[in-house]
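**Q** below is the structure, and that's it, no one-letter string:
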């Protein structure tokens, strides 16, 4: 992915809000729901198979861009995909893929 800049809304990047959402994510990691998701061993982005402990919890819409730690915003991702994604959203990734196809 190219270097991208996002204009981040200060209310989304408030340290108290980020901490609160990360605490929620930590709690969700302990649930049966999350354990079942990672037991499947599939990265949401590359769809490759991994061992459960190799997957990380990723926010589809990053916290800094207004995302929340809720079941509909959390997916298992391999470390490589999670690192590549950075602050991108699924829509950003789709546009990047379409632009890459044009070349």
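**A** Sure, I can see it. These numbers were taken from a predicted model, which means no experiment stands behind them.

**Q** please report how far residue 23 lies from residue 54.
**A** To residue 54, residue 23 is 24 Å away according to C-beta to C-beta, to the nearest Å. To be clear about C-beta, it is placed using only N, CA and C from the backbone, and glycine gets the same treatment.

**Q** could you do residue 80 as well?
**A** 10 Å.

**Q** go on, residue 72?
**A** 23 Å.

**Q** who has more neighbours out of these two?
**A** Using other C-beta atoms under 10 Å as the criterion, residue 72 and residue 54 rank with residue 54 on top: 13 against 8.

**Q** ok, the closest residue to that one other than its chain neighbours - contacts?
**A** Counting by C-beta to C-beta, 6 or more residues apart in numbering, residue 54 lies nearest to residue 78, which is 6.5 Å off, once chain neighbours are set aside. Contact partners of residue 78, counting by C-beta atoms under 8 Å, 6 or more residues apart in numbering, are 43, 45-46, 48, 50, 54-56.

**Q** low-confidence bits of this protein, can you list those?
**A** 1-5, 103 (pLDDT under 70).

**Q** could you pull out the helices for this protein?
**A** Ranges of helices in the chain, per DSSP state H, are 15-29, 32-39, 79-85, 90-102.
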